[in-house]
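Asks: 3D model of this:
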Amino acid sequence: MKHGNSFLRLGGLLCALAPSAVLAYSGGPPDRFANNPPNYNNCTACHFSYELNSGDGDLELQGVPAEYVPGQTYPLTVILSDPDQQRWGFEVTVLDDADPFAQGGSMVVTDPLHTQISEDVDGTEDYLKHTSEGTYWPSDGPAEWTFDWVAPDLPSVTFYVVGNAADGDESFVGDYIYARTVSAVRGEPTPVMMSTWGRVKSLYSQNR
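Replies: Okay, the predicted model is just below:
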């Protein structure tokens, strides 16, 4: 934990020394900052004014089924709100619970004006995040971003999502960062019931 805190402090210092990065991040945060394993990095590395999840706002990922069917597509929505904030951002990834470096299904961009997707350099994890238009500046919120998820044939997955509720002053200070996780498991196949005529034929065959 001490190593992780040192990393966050170092990240905050580096961000403070590079103010031009603020405008760059308005077009989407770097990969691997969705508070996901194995390092659990998030946007407080740069937006260091407040502790994670310390604001009065809320972050939700809606639409994730408790049990999913492999290959089925599910429409999902990220919702971020916070009083008095004016600019918004997010990043989400979904990982196989058995392997933190493996994707848990496929995320699909359905709103290219407000969202984009980038594949990790190792080709293992995808990160869906806001675009510049997707910061909704200026707006009182709540901000919403939609995308599709194609469920994998895996026992279980977890979504990791981080939201940045920013004050819009184009600095790293005064912004609240939120992180959430949502888990889901593969559902059991639904047994196919025989029709009434099929059951009659089955009983007839057994009694012959």
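Asks: low-confidence ranges, the protein, go.
Replies: 1-25, 119-123, 190-208 (pLDDT under 70).
Asks: just the helices in it please.
Replies: Ranges of helices in the chain, per DSSP state H, are 2-16, 20-25, 196-207.
Asks: any idea how far apart the tips of stretch 68-79 sit?
Replies: Using Cα to Cα, to the nearest Å, one end of stretch 68-79 lies 21 Å from the other.
Asks: let me fix that, I meant to ask about stretch 83-91.
Replies: Start-to-end span of stretch 83-91 (Cα to Cα) is 20 Å.
Asks: off-centre distance for it?
Replies: Centroid separation for stretch 83-91 versus its chain: 15 Å, with Cα atoms, centre = their mean, to the nearest Å.
Asks: repeat for stretch 109-121
Replies: For stretch 109-121 - counting by Cα atoms, centre = their mean - the centre lies 12 Å from the chain centre.
Asks: for that stretch, which positions count as buried?
Replies: Within stretch 109-121, the residues that qualify as buried are H114, T115, Q116, I117, counting by 16 or more other Cβ atoms under 10 Å. Every C-beta, even on glycine, is put in place using the N, C-alpha and C of the backbone.
Asks: which one of these is nearest P70?
Replies: Nearest to P70 out of these is I117 (Cβ to Cβ; 20.7 Å).
Asks: not counting sequence-adjacent ones, nearest residue to that closest one?
Replies: Nearest non-adjacent residue to I117, counting by Cβ to Cβ, 6 or more residues apart in numbering: L128, 4.8 Å away.
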